[in-house]
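**Q** below: sequence and its predicted model.
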Amino acid sequence: MHAQVARKDIGAWPVSATVCPLGAEKGLSAILSTGEATPAVPCPVLCPHSTDTGGLERMATELGQGLEHKSGEEQLGVGAQLGDKETQEGGDPLALYKSLTGACSQSPLYARRFRSLFEYVGLLHSETFTMKRAGQKVVAGTDTPGTSQTSKKQKTSLCGSEFGESELCTSMDWGSLPHHVILRVFQFLTLVDRARASSVCRRWNEVFHIPDLWRRFEFELSQPATSYLKSTHPDLIQQIIKRHADHLQYVSFKVDSSTESAEAACDILSQLVNCSIKTLGLISTAKPSFMNVSKAHFASALTVVFVNSKSLSSIKIDDTPLDDPSLKVLVANNSDTLKLLKMSSCPHVSPAGILCVADQCHGLKELALNYYILSDELLLALSSEKHVDLEHLRIDVVSENPGQVQFHTIKKQSWDALVKHSPKVNIVMYFFLYEDEFDAFFREETPVTHLYFGRAVSKAMLGRIGMNCPRLIELVVCANGLQPLDDELIQIAERCKNLTAMGLGECEVTCRGFIEFVKMCGGRLTQLSIMEEVLIPDSDYSLDRLHLEVSKHLGRMWFPDMMPTW
């Protein structure tokens, strides 16, 4: 039932025409059909290497590893190495650059990674080859002078003004390249470039549909009138559902702020009945649009994936209407494989729901949730003998209605049990509270390692952090007020021996106090970000002298951050 509804709705998605590789007038479905085309004009640059499949594979690997980081001149050198003898020995690098980029305006420095290789082969840009589809010859590009003659085993062409004098180029049929060589190159191309290359011949089209190329896919869904995202083409979505759904393993959905896009994502999820997904991510690029989808629709879509995918290991579903029954379905079908669960801002999940996950998913290593569903029972469940060591626990402490939420306190014994069971666990806490809402936190020793304060935090709170957070590694304070934090910072430096990163926003600290803090931390402070406006000059240190003193204690050159004048 879900599949029928989804197929009806998908066709109505607005899509940017630029997504279609062959242009809006042809559509992506033509590319994904069986390939009949063969290039009548092989690229003169790669002709000498066409029979050396091992060399071609090595060149592909070298291009993918190194070309992206080379300068323009070095990239030209790589291009020259792929050229024929005459080009290498007597060619002018500038002329070579002009000739190869004349038809490659989208990537004047040979693009990046393996796309460069196919530009040399002459497959991505229509001016460099002709193709034949469905028995009819089509000239793909009107500016390149040349003639071509196709036979079953040999291709011959005249390649003209782009490469100076017209010359005769002969090579084997590109369709005879081994699958593993083509696959190696395809793995480093974008989907659009792979689709274009798949039109070359039947063999290349077969490689295009090899399951290994369809393990990962990100569906992008948007409304073009209100979003900058480019939607995945509906034809491509249907092709994936019909032909590659059982190949998908790492799937994500990126949606804009519209409810229609989130509903479309749920429609696609409902059709993945033959999938074996290992990683699932639902991402809202703006406001959480999945929250506008009905609970029944969302739960139904997730159930399809949870039931049919028996090896889910990572799930990221923040800001969604996930509920306890859906978590029970997840646990019933994937308890042995689940290792990561990120579900911050899921208001329909209760402490009992997440406790069910911790009790039965003993392989869970990473967990992200909101503070309101964190409990002593949950920490003890994560600390049981059957449970593997927890590696990462993220807790979001959020207050949208000041004064209306009473935050509970987690017992020190529960924290101690977790750290004893998982001594290397990173406990990350994000606070978005107002100053009068911190009373429940850090009254006792807390094993937090990373602290981020998105709103103002009081001096008293920072003082408690210095006293009760000995495992602290990173501290970021966006705002504090107009009271200098000298004493608090010095106490943190003295007691938090693992501190390696500090960031201060709208705060105040004297130059003397700041230098004392840096001196106590020394070289272990690998990241230090302080706005210049935070520092208050005093009788001992000016801003000019401060950066020299701080640099000396850090063992590297350091300057405070500057506020942009614009």
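**A** Happy to help now that I have it.
**Q** tell me how many other residues crowd T232.
**A** Other residues near T232 come to 24 when the count uses other CB atoms under 10 Å. Just so you know, the C-beta spots here come from the backbone N, C-alpha and C atoms, and that holds for glycine as well.
**Q** which pLDDT value goes with it?
**A** The predicted structure scores T232 at 84 on the pLDDT scale.
**Q** for the stretch 351-500 of the chain, which segments count as helices?
**A** 351-360, 376-382, 412-421, 459-468, 486-495 (DSSP state H, counting those that start in this stretch).
**Q** now those as CSV including distance to R196?
**A** Shown next, in CSV, are the helices of the stretch 351-500 of the chain (distance: least, CB to CB, whole Å):
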stretch, distance to R196
helix 351-360, 44
helix 376-382, 49
helix 412-421, 52
helix 459-468, 55
helix 486-495, 56
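**Q** how about the ones you listed in CSV, adding mean pLDDT, distance to L338 and mean neighbour count?
**A** Below are the helices of the stretch 351-500 of the chain laid out as CSV (pLDDT from 0 to 100; distance: least, CB to CB, whole Å; neighbours: other CB atoms under 10 Å):
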stretch, mean pLDDT, distance to L338, mean neighbour count
helix 351-360, 94, 8, 19
helix 376-382, 96, 13, 20
helix 412-421, 96, 18, 16
helix 459-468, 92, 32, 19
helix 486-495, 94, 36, 19
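**Q** so which of those helices gets nearest S258?
**A** Among these, helix 351-360 comes nearest to S258, with 28.4 Å by CB to CB.
**Q** now for that closest one, which elements pack on it?
**A** helix 324-334, helix 376-382 (3 or more CB pairs under 8 Å, 6 or more residues apart in numbering; DSSP states H and E).
**Q** okay, the angle between the first one and helix 351-360?
**A** This points to helix 324-334. Angle, helix 324-334 to helix 351-360, by axes from the mean of the first three to the mean of the last three CA atoms, to 10 degrees: 10 degrees.
**Q** show me the contacts for the nearest residue to Q491 once chain neighbours are set aside.
**A** Counting by CB to CB, 6 or more residues apart in numbering, Q491 lies nearest to G466, which is 3.6 Å off, once chain neighbours are set aside. Contacts for G466 (CB atoms under 8 Å, 6 or more residues apart in numbering) come out as E488, Q491, I492, E494, R495, C496.
**Q** out of the helices and strands packed on helix 351-360, which gets nearest to D267?
**A** With CB to CB, the closest approach to D267 among the helices and strands packed on helix 351-360 belongs to helix 324-334: 17.2 Å.
**Q** and the helix or strand following that closest one, which residues are buried?
**A** Sequence-wise, the next helix or strand downstream of helix 324-334 (DSSP states H and E) is strand 340-342. Buried residues in strand 340-342, counted by 16 or more other CB atoms under 10 Å: L340, L341, K342.
**Q** help me confirm that the second one comes into contact with G363.
**A** No: checked against CB atoms under 8 Å, the pair L341 and G363 is beyond contact range at 11.0 Å.
**Q** touching, L369 and I354? I think so.
**A** Yes: under the criterion of CB under 8 Å, L369 makes contact with I354 at 6.1 Å.
**Q** where do the contact lists of these two overlap?
**A** Common neighbours of L369 and I354, using CB under 8 Å, 6+ apart, are M343.
**Q** contacting residues for L418?
**A** So L418 contacts L379, L382, S383, L390, L393, V425, P447 (CB under 8 Å, 6+ apart).
**Q** Throw those residues into TSV and include distance to W558, thanks.
**A** Formatted as TSV, the contacts of L418 follow (distance: CB to CB, whole Å):
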residue	distance to W558
L379	39
L382	39
S383	40
L390	35
L393	32
V425	31
P447	30
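**Q** which pair in those spans the largest distance?
**A** Once CB to CB is applied, the contacts of L418 give L382 and P447 as the farthest pair, at 12.8 Å.
**Q** how much space between A368 and S258?
**A** Counting by CB to CB, to the nearest Å, the separation of A368 from S258 is 25 Å.
**Q** equivalent analysis for R184, please.
**A** 39 Å.
**Q** Y250 too?
**A** Distance, Y250 to S258, by CB to CB: 25 Å.
**Q** of those two, who's got more company?
**A** Ranked by neighbour count (other CB under 10 Å), Y250 and S258 place S258 first, with 19 against 15.
**Q** if anything else comes up later, I'll come back, but that's it for now.
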